[in-house]
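Give me the fold of what follows.
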Amino acid sequence: MTTRDFTANVISASKVVPDGNFKDSKASGVWDINEALDLIKGGNWPNVANINPAAFVDGVFQTHLYTGSSGSKTITNNIDFSNKGGLLWIKNREATQSHYLFDTERGAGKGLRTNGSFAEYDYGSSSGFNHQFTSTGFSFNTSDGAVNNGDDFVSWAFRKQPKFFDIVTYTGTGSAQAIAHNLGSVPGMIITKATGIAYNWGVFHRSRGNTKCLTLDDTGAEQTGSEFWNNTDPTSTHFTVKNANQTGDSGQAYVAYLFAHNDDDGGFGEPGDQDIIKCGSVTADGSGNFTESLGFEPQFILFKAANQAEGWEIFDGMRNLTAVRFYNTGIEADSSAAEGTGSKNLQINADGFASTGGVSANIIYTYMAIRRGGMQTPTTASSVFGLQDYTSGGDGPVTGIVTDFSIIRDRDADAANYAATRLLGNSYLTPMLPNAEVSSNGAIHDRMDGAWNTSFAGYMIWGWQRARGYFDVVPYTGTGSDRTVNHNLGVAPEMIWAKRRNNNGDWVVYHAGVGNDKGSKLNETDAFGSEDYWNSTDPTSSVFTLGGGVNDNNVPYVAYLFATAAGVSKVGTFTQSGATNVSCSFTGDTPALIILKRTDSTGNWYILDSVRGIVAGNDPHTYINESNPEISNVDLVDPYSGGFATTSSLTNGDYIFYAIAAVS
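Okay, the predicted model is just below:
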C-alpha cells in the first residue's frame, strides 16, 4: 500500500480514487473498520492533507508570467523543483533575447539556449547573478537575461513525474548505447543537447519514428539517418542513441528531456484515469486546416512542421492560446525574436485544437500538448474566486487569482457592466445587454492576478477561475439542429449562461432547480418559462444538450457552466415567504457572492457581495440585467451561519440562487 493508492484490501475490482471534496470523500470499495483505521493511522486514508499534487497537471506544469526587476526576483508557481527536479524554460517577451533553459540535473544557473547551437553557459558564475530552484518555484538575485528590469517574461516549468516528464544526463560513446530513464512510460518526445560544445539540438518524436530527427534550434525539416537513434524505438525504461552530434558524439556530455505520451493510461486527475500530455502529428488539408482531438483541452502546445522548413512555435493559455484567435503573440523556440513573430494560428476547444490560418497546406506537423489545469475540485473559495472594489486605477482590476472569467461594474454611475473571458481573447460581452461581443485589447487576460489591462477606478470586479466541479467556460459553434456540446466541468452543471457572440442574442439561462424544459434571460427580468433551449435534456458530467435559441447554424456562442462545489459554491433554490434562511453548507463567514433571481414571476438578477457589504443592515447591491447605479438603502439579506438569510424586503415567491463562500 503506497500513499494515495487506495486499492489495498478493497473488495471491488476497479481502482477508484476519491472525488469531490477530498476532505470528506470516500475510498471506493468495501472496507471493514480495522482496515480503515489502519489506513487512517498510516496517513493513507483520503483527506485534504495527503493529496499528492503530482496527481494533477497543476503540480507538474505551470506557465507563469512575470515582469523583470532590477533586484532579486522570486517566482512562486507551486512547482517543487528543489525536491522533485525539473526543467525551467524562460523567454523575454519584449526583447530580442535568447531562450534560457535551466534544469535541476545540470544545476542551477547552468543555462542552455534553444535559439542556437550554443554550449552550456554557467550563469551562476557571472557577476552578481544567482539562479536558485525552490520548493515552490525559482528565484534570481539580480538583473540578467531572465529578469531584465521592466520587461515582460514568460516561464514554462516542467516538474519530473512518471508518465509526464523526466531529465537524464549521459556521456556519448560514439556508438549505439541504451540510456536508462525514469519516465515510467514510452517517451513521446525526446529533446537532446550536447552541453559542452556548440552542437545542434536533437528531437525524437514518436509520430515520425526512430529514423527521423528534428532540430530544435533550427527551422529545417526533419533529417533521416541511423546515427541519431540507432533506428531503435525507445521503451519505458531506455532510449537509444548512436554517434550523431545531436545525440551521442564520443566523450561529449549530454542532457535529454523526455516527455511522455499518455494514451488512456495517464492515471492523473479525478478520478485518476485522465491523460495530461500527448505527442502526436496532424496533416493540414489543402487549405491549411485541421482539427485534432486530444481528449482534453490543452494549455500548452509546442508545434513544428516535420517535412518542411518552418519554425518551432510555442502557444500557451496564459498568453495566446484561445478558442477564437491567435493574436500575434507567438514565440518561436528556434529564434531569439520577441513575442509576436510567429505565423501559425491555432485555436483550442474542449477536446483539442485546430488551425485557423498560417499553416501550410498538406504538410505534416508534430506537436506536444499539455492539458489545461484545474483538474481537481477546489476546497477553498479563495483559490478560485476573487473580488475587489477597484479604486486605484492602474493596469487593471486585481482578483488575486488566475482569472478565466470576470464581470466588472461601475458602483456609482448609470453604466453598463462588462464580462471578459480568457478563452475569448481580446473581446468582451455585456451581461445586461443582448449585444454582440466587442473587440478590445483592454479585455486581454495577460496577467497572473486579475483581468483587463485598463483602468477601471470606481468599479467592482468579480472573477472566476476554471476548476473541476466548480466552473467552466465552453465556446462552441451552433449547428442549427439538436446536439450535445462537450465540457470539462467533470460534473453535471447546475446553472448555464449561454450567449451568442457575433450579433444580438439574449443571455439564455438554464438552472437545474427549475428544469430542462424552462429558461430565462440574464439580461431581462423574465420569469422562467417553457423553452426548448436545452432540448428537455439534463446536462451530464461531460456534455450539455442544445435545442433551439442558442444553437443557430455556424454561429459562435459561449457558455458559462456553474456547479456546487462543497464548501466553495452552491447552486440552489428557495421559496421566499417574509424571510427565509438559505443554507449553502458553507463554514464560517458570510458568503463572498450571492446572485438571486425570482423564477415564478418577473424580477431582477440581484448581485451582492461581501466587499460592498452583506450585513444585518442595508446591503449595497446592483442588478446584472440593468445599468442602474448601486442601490444602498435596502436590507435584502442578513448574515446566516453556513449561508444567508433573506429579509421581508425581498418579494415573496420562488427563487434560484448562486453563492460563493467567504474568501480570505
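
what stretches of the stretch 301-450 of the chain score poorly on pLDDT?
Applying pLDDT under 70 to the stretch 301-450 of the chain flags the ranges 325-328.

rerun that using 50 as the cut-off
Counting by pLDDT under 50, not a single residue of the stretch 301-450 of the chain qualifies.

repeat for the chain
Scanning the chain for pLDDT under 50 picks out the ranges 1-28, 31, 39-43, 45, 47-50, 127.

One more pass at 70, please.
Within the chain, the stretches falling below the threshold (pLDDT under 70) are 1-51, 124-130, 142-146, 325-328.

Going along the chain, name the helices of it.
Ranges of helices in the chain, per DSSP state H, are 33-41, 81-84.

Can you list the residue ranges for strands in the stretch 101-250 of the chain?
Counting by DSSP state E, counting those that start in this stretch, the stretch 101-250 of the chain has strands at residues 110-111, 121-122, 131-133, 137-140, 152-159, 165-171, 177-180, 187-194, 202-205, 212-213, 223-224, 238-241.

Looking at those, spot the one closest to Ala415.
Ala415 sits nearest to strand 152-159 of all the strands of the stretch 101-250 of the chain, at 30.7 Å, using CB to CB. Every residue, glycine included, has its C-beta placed from N, CA and C.

Show me which residues of that closest one are buried.
By neighbour count, and taking 16 or more other CB atoms under 10 Å as the criterion, the buried residues in strand 152-159 are 152-159.

Identify, from the residues you listed, the entry nearest to Ala457.
Compare each of these with Ala457 using CB to CB and the shortest gap goes to Asp152, at 23.3 Å.

What count of nearby residues applies to Ala180?
9 (other CB atoms under 10 Å).

so how far is Trp497 from it?
Ala180 sits 52 Å away from Trp497, taking CB to CB, to the nearest Å as the criterion.

for Gly617, same thing?
Relative to Trp497, and taking CB to CB, Gly617 is found at 31 Å.

Comparing the two, which shows the higher neighbour count?
With neighbours defined as other CB under 10 Å, Gly617 and Trp497 compare such that Trp497 has more, 21 against 7.

beta partners for the closest residue to that one other than its chain neighbours?
Across the structure, with CB to CB, 6 or more residues apart in numbering as the measure, the residue nearest Trp497 apart from its sequence neighbours is Tyr560 (4.4 Å). Applying DSSP bridges to Tyr560 gives these bridge partners: Val473, Trp497.

Run a quick neighbour tally on Tyr560.
Other residues within reach of Tyr560, judged by other CB under 10 Å, total 24.

residues in contact with it?
With contacts defined as CB atoms under 8 Å, 6 or more residues apart in numbering, Tyr560 is in contact with 405, 471-473, 496-498.

and what of Ile75?
64, 66, 137-139, 155.

who wins for neighbours among those residues?
Greatest neighbour count in the contacts of Ile75, by other CB under 10 Å, goes to Phe138: 25 neighbours.

Beta-bridge partners for that residue, please?
Beta-bridge pairing of Phe138, defined through DSSP bridges, involves Ile75, Phe133.

State the distance from the residue nearest to Trp497 to Thr291.
Per CB to CB, Tyr560 is found 24 Å from Thr291.

ok, the closest residue to Trp312 other than its chain neighbours - how many residues close by?
Beyond its immediate neighbours in the sequence, the residue positioned closest to Trp312 (CB to CB, 6+ apart) is Ala333, lying 3.9 Å away. Around Ala333 sit 21 other residues, with neighbours defined as other CB under 10 Å.

what's the spacing between Ala333 and Arg159?
Ala333 is 20 Å from Arg159, where distance means CB to CB.

swap in Ile656?
Separation of Ile656 from Arg159 (CB to CB) stands at 42 Å.

Pull the most distant pair out of the buried residues of strand 152-159.
Of all pairs drawn from those, the one with the largest separation by CB to CB is Asp152 and Arg159; the distance is 23.7 Å.

so which of the strands of the stretch 101-250 of the chain gets nearest His261?
Taking CB to CB as the criterion, His261 comes closest to strand 187-194 out of those, the separation being 2.7 Å.

Run through who's touching the closest one.
The set of residues external to strand 187-194 that reach it, using CB under 8 Å, 6+ apart, is 112, 119, 172, 181, 199, 201-206, 216, 234, 239, 241, 245-247, 249, 252-261, 277-280, 366, 368.

Which entries within those residues meet the buried criterion?
Here the buried ones among those, as counted with 16+ other CB under 10 Å, turn out to be 112, 172, 181, 199, 201-206, 216, 234, 239, 241, 245-247, 249, 252-261, 277-280, 366, 368.

who does Glu313 bridge with?
Here Glu313, judged by DSSP bridges, has bridge partners Phe303, Glu332.

who touches it in this structure?
Each residue near Glu313 by CB under 8 Å, 6+ apart is listed here: 302-304, 330-333, 342-344.

hmm, try it at 7 Å
With CB atoms under 7 Å, 6 or more residues apart in numbering as the criterion, the residues that contact Glu313 are 303, 330, 332, 342, 344.

I am finished for the moment; much appreciated.
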